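# return atomic coordinates for the entry below.
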Amino acid sequence: MKAKSIKGKSIEEISSALAESMADGFKPTLAIVFISVKQDREAISGLLDVNGIQIFGATTAGEFIDGEIEGGSIVIMLLDMNPAYFKIEFLETSQVTALEDANKLGIIGKKTFTNPAFIIANSGVSSDGEPFIEGIIQGFGKSPSSASGEVTVFGGKAGDDLALESTFVFTNGKSKDCALVALIVDEDKIDVKGIATCGWNAIGTTKTVTKSEGNIVYTIDDKPALDMLMNFLGVEIQQEGNNEVVTFLSSWYYPLQVEREDTDPVIRTAMFANREDRSLICSGNVPQGSKIKFSMPPDFDSIDKVVEDCKGIKDNAQQQADALIMFSCVSRHLSFGMVIKEEIEQVQKIWDAPMAGFFTYGEYGKSKNGKYEYHNNACCLVALREK
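Alright, predicted model coming up:
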């Protein structure tokens, strides 16, 4: 399988780059498209559609390609994968129906291939990603509490350049601000390896979530969750405007670590704050009764940790990948600044293959404990190789 990555700031630049990539006879069948909400998704989709290329697409909070970080642009991974080896599915969804819709996707994957792998992206700024991965696993017929034998699931939540208003996923002729797009791959034909790794460090004493519902945390140690986090950070939220729910960007640097028995903690970012009931609206589920700690942003040593974790998924030094896809949380970019480029470059050098990725609002991937889970503040790498 051959892969080529292209980028551009306009439909004209992408059209030219696509033509150049195909000039040597390369005939892509699949395009993995990561695009700023400022760009014309419909025009890009039309261009690829005319060329007979199937699309897996998501809007971003920044995009990158082969080690180069972009902004407000379009990056595309072109693959000449045999169409018999993959299937694109697009499902409109909502927070209420997320588990049911993802369950349908798991069933579709099972019917399509004996050993499917799912690469997914979903839109919906405040949606909880956990039901999507649980639903896929349940639909495929595995228990989400099992650490073994789970179906492969990687991906990310779409972004909107940190506007936190509307995100989109799309495929040929379809685009929606609350939907799930999936690239289902036949793992008997295409090797799909990956890992999700983080680096945020827990600090302070363990606290208890005394009231929560889904991804909304109302009280911690019986005190308003927002007040607890504000006191911890030593900051105030903006009081301008009449909106009850506001963006609390400072909290993205200091997410909650939800402790779990016999496994690593899972990170949950408080994306929004409710000024009236003093609750935190997190990017993922935080069960009532959970033991949590606040986190400090990682130091630059965590880049080395991410690189080492990514090296660990190679079976041997000679093994290479045909293509790399990376889903990296936008909070990593916010915390590291342009130093995040070093992380992206070093990971790509491990495999020496074309790479495309974007900065996300949440990630799906394989934890070091072997479970496929929904993450925040993580770097999720996926390596594809035709067998």
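
# look up how far Thr360 lies from Ser290.
Ser290 sits at a distance of 23 Å from Thr360 (criterion: Cβ to Cβ, to the nearest Å). In short, each C-beta sits where N, CA and C put it, glycine included.

# pick out whichever of those two has more residues nearby.
Thr360 (34 against 22; other Cβ atoms under 10 Å).

# isn't the more buried one up against Asp160?
No - judged on Cβ atoms under 8 Å, Thr360 makes no contact with Asp160 at a distance of 11.2 Å.

# joint contacts of the two?
The contact sets of Thr360 and Asp160 overlap at Ala61 (Cβ atoms under 8 Å, 6 or more residues apart in numbering).

# quick one: contacts of the helix or strand hosting Val33?
If you go by DSSP states H and E, Val33 is part of strand 30-35. Residues from elsewhere that reach strand 30-35 (Cβ under 8 Å, 6+ apart): 41, 44-45, 48, 53-60, 63, 73-81, 86, 170, 183, 325, 356-358.

# from the chain's centre, how far out does it sit?
Distance of strand 30-35 from the chain centroid (Cα atoms, centre = their mean, to the nearest Å) equals 14 Å.

# what's the next secondary structure element after that strand?
Per DSSP H and E, the first helix or strand lying C-terminal to strand 30-35 is helix 41-50.

# got the angle between that next one and strand 30-35?
Here the directions of helix 41-50 and strand 30-35 differ by 170 degrees (axes from the mean of the first three to the mean of the last three Cα atoms, to 10 degrees).

# elements contacting the following helix or strand past helix 41-50?
The helix or strand immediately downstream of helix 41-50 is strand 54-59, counting by DSSP H and E. Counting by 3 or more Cβ pairs under 8 Å, 6 or more residues apart in numbering; DSSP states H and E, the packing neighbours recorded for strand 54-59 are strand 30-35, helix 41-50, strand 86-92, strand 116-122, strand 169-171, strand 179-186.

# gap between Glu345 and Leu79?
In this view, Glu345 and Leu79 are 22 Å apart by Cβ to Cβ.

# quick one on the thing from earlier: can I get the helices and strands packed on strand 54-59 in CSV with mean neighbour count?
Listed next are the helices and strands packed on strand 54-59 as CSV, based on neighbours: other Cβ atoms under 10 Å:
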stretch, mean neighbour count
strand 30-35, 26
helix 41-50, 17
strand 86-92, 18
strand 116-122, 26
strand 169-171, 26
strand 179-186, 25
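
# out of the ones you listed, nearest to Gly204?
Ranking the helices and strands packed on strand 54-59 by proximity to Gly204 (Cβ to Cβ) places strand 116-122 first, at 32.1 Å.

# got the angle for the closest one vs strand 86-92?
Orientation check (the same axes, to 10 degrees): strand 116-122 against strand 86-92 gives 40 degrees.

# what's strand 116-122 packed up against?
By 3+ Cβ pairs under 8 Å, 6+ apart, strand 116-122 packs against strand 54-59, helix 98-112, helix 130-140, strand 152-157, strand 179-186, strand 190-197.
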